[in-house]
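In: model this:
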Amino acid sequence: MTDSQPSERPLVSYTIVKIKATSSVQLEDFHLDNTFISFLTADDAVQKITDDLIKPSAVFIDVDVDKASLQNLYETLLAHCIPYILFTGKFDPEAKCKAEQLKVDDYLFGAINYSLLKRIDIIRKLKIYKANRESILKSQRSKAIPKVKLWRLKRTVDIMVALSAIIILSPILIIIALIIKLESKGPVFYIAKRAGAGYKIFNFYKFRSMRAGADQELKKFAALNQYGTDESDSVFFKIKDDPRITKFGMFLRKTSLDEIPQLLNVLKGDMSLVGNRPLPLYEAEKLTKDQIAWRFLAPAGLTGLWQITKRGKDDMSPEERIHLDMEYAMNNSFLGDMKIILMTFPALLQKEKV
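Out: Purely as a prediction, here's the structure:
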């Protein structure tokens, strides 16, 4: 979660239900700007949502709520496509781990501000899209392998391949790290926030290929963006012959060796071997229109349709990139992933300096 644009206010009203650990704790409802906060127990929330007495924008649960009391709530929110959020006042590593156990849509923390409410909107849209997509696929693929089994197979392959690759490539990783440190000041790894599947934000790893502080120079080089010079309209950002890239960084990019640390993201479950590219937050925020947000239904990946279609070329429009992302999100399969992996190898050497 980010706190960008904290001064902006939502134009619509939001209702957030916060789940209490016990009914003995008496908390009064209150208003915060355009947001109405209501405190309920899990059972009360289920009853009121089922009876159409409340239509919450999202349901927040505290980290100390008993997991056993949340099963009915989880099923109710899933059926009504209501965002299910674990929320804390500040970042808590233990809470983040518990979020996976509770099967929440996201773990958020900090102030209830415009940025957080905007994120809730996106999560709600994605839940609706996902429900519609699964309904369509269920009717079209009645004899298909159950989705859960496909996911487990994909995840198993991800872990096996990523772990094996890290072990085999470890000598190369050490050499690359040493050269980066010797060539320029700054850290070995470039770590940035990215939006992946379900618009979930995670730390994204790459070998640093640019000079330190390159992200702060985006506005300075906006006129060179090959996807357009209008900051408000351009979704993606890429510069041909980017002057921020170091000499060794150029080699890393041409050979895609700068991507190797993303194998750690695959092991952690942030990414898959194949999927749509995880996007910088400033790009992801521009892809929240109803017809475009579908691309976030797919897992984030090391490689995908965009990479093998026109990798290294500067003649791909933003519309083409979005179309390929949406195509993968709607039609991905395990066999399709294997085909993309095989097609990735000849595409690794890029023809242009991008």
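
In: quick one: residue 36 from residue 118, how far?
Out: Note on residue 36: its distance to residue 118, by Cβ to Cβ, to the nearest Å, is 17 Å. Any C-beta I mention is one placed from the backbone N, CA and C, and that applies to glycine too.

In: repeat for residue 200
Out: 15 Å.

In: out of those two, which sits in the more crowded spot?
Out: Looking at residue 200 and residue 118 with other Cβ atoms under 10 Å, you find the greater number of neighbours at residue 200, namely 19 against 16.

In: was I right about that one contacting residue 108?
Out: No: assessed by Cβ atoms under 8 Å, residue 200 is found out of contact with residue 108, at 10.5 Å.

In: And the helices in the protein?
Out: Assigned by DSSP state H, the chain shows helices spanning 42-50, 71-79, 93-102, 114-140, 147-183, 247-255, 262-268, 281-284, 305-310, 318-331, 334-344.

In: wait, which of those is closest to residue 208?
Out: helix 147-183 (5.9 Å; Cβ to Cβ).

In: Just name whatever secondary elements that closest one is in contact with.
Out: strand 201-207, helix 247-255, helix 262-268, strand 272-274, helix 334-344 (3 or more Cβ pairs under 8 Å, 6 or more residues apart in numbering; DSSP states H and E).

In: Format those as TSV; extra columns: distance to residue 317, mean pLDDT and mean neighbour count.
Out: TSV is the format used below for the helices and strands packed on helix 147-183 (distance: least, Cβ to Cβ, whole Å; pLDDT from 0 to 100; neighbours: other Cβ atoms under 10 Å):
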stretch	distance to residue 317	mean pLDDT	mean neighbour count
strand 201-207	24	92	19
helix 247-255	21	89	17
helix 262-268	25	95	19
strand 272-274	23	95	26
helix 334-344	21	90	15
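
In: among those, which is nearest residue 162?
Out: Among the helices and strands packed on helix 147-183, the nearest to residue 162 by Cβ to Cβ is helix 262-268 (4.1 Å).

In: Near residue 61, how many other residues are there?
Out: Neighbourhood size, residue 61 [other Cβ under 10 Å]: 26.

In: is the residue nearest to it when sequence neighbours are not counted in a bridge, and if so with what?
Out: Setting aside the residues directly before and after it, residue 61 is nearest to residue 19 in space (Cβ to Cβ, 6 or more residues apart in numbering), at 4.4 Å. Applying DSSP bridges to residue 19 gives these bridge partners: residue 40, residue 61.

In: could you measure residue 19 against residue 99, distance?
Out: The spacing between residue 19 and residue 99, counted by Cβ to Cβ, is 14 Å.

In: what's the answer for residue 204, then?
Out: Taken as Cβ to Cβ, the span from residue 204 to residue 99 is 19 Å.

In: start to end distance for stretch 271-278?
Out: This stretch, stretch 271-278, spans 8 Å end to end (Cα to Cα, to the nearest Å).

In: just how off-centre is that stretch within its chain?
Out: 10 Å (Cα atoms, centre = their mean, to the nearest Å).

In: circling back to that earlier point, so which of the helices of the chain is nearest residue 295?
Out: helix 318-331 (3.7 Å).

In: can you pull the pLDDT of residue 142?
Out: For residue 142, the model assigns a pLDDT of 46.

In: go on, residue 130?
Out: 74.

In: mind listing what it touches?
Out: Residues in contact with residue 130 (Cβ atoms under 8 Å, 6 or more residues apart in numbering) are residue 297.

In: Look up how far residue 287 lies from it.
Out: Residue 130 sits at a distance of 16 Å from residue 287 (criterion: Cβ to Cβ).

In: pretty sure residue 56 is in contact with residue 15, am I right?
Out: Yes: if you go by Cβ under 8 Å, residue 56 and residue 15 touch, sitting 4.9 Å apart.

In: what sits in contact with each of those two?
Out: Contact criterion Cβ under 8 Å, 6+ apart; residues shared by residue 56 and residue 15: residue 38.

In: The two: who's more crowded?
Out: Using other Cβ under 10 Å as the criterion, residue 56 and residue 15 rank with residue 56 on top: 22 against 15.

In: And for that one, nearest residue in space, chain neighbours not counted?
Out: residue 17 (4.5 Å).

In: Count the neighbours of residue 164 for me.
Out: Residue 164: 11 surrounding residues under other Cβ under 10 Å.

In: how about low-confidence regions in the stretch 1-150 of the chain?
Out: 1-12, 21-34, 133-149 (pLDDT under 70).

In: okay, and for the stretch 251-354 of the chain, where does confidence drop off?
Out: Ranges of the stretch 251-354 of the chain meeting pLDDT under 70: 288-293, 310-316, 347-354.

In: again, only using 80
Out: Low-confidence segments of the stretch 251-354 of the chain, defined by pLDDT under 80: 282-294, 310-319, 345-354.

In: For residue 204, give its distance to residue 89.
Out: 26 Å.

In: Equivalent analysis for residue 259, please.
Out: Counting by Cβ to Cβ, the gap from residue 259 to residue 89 is 36 Å.
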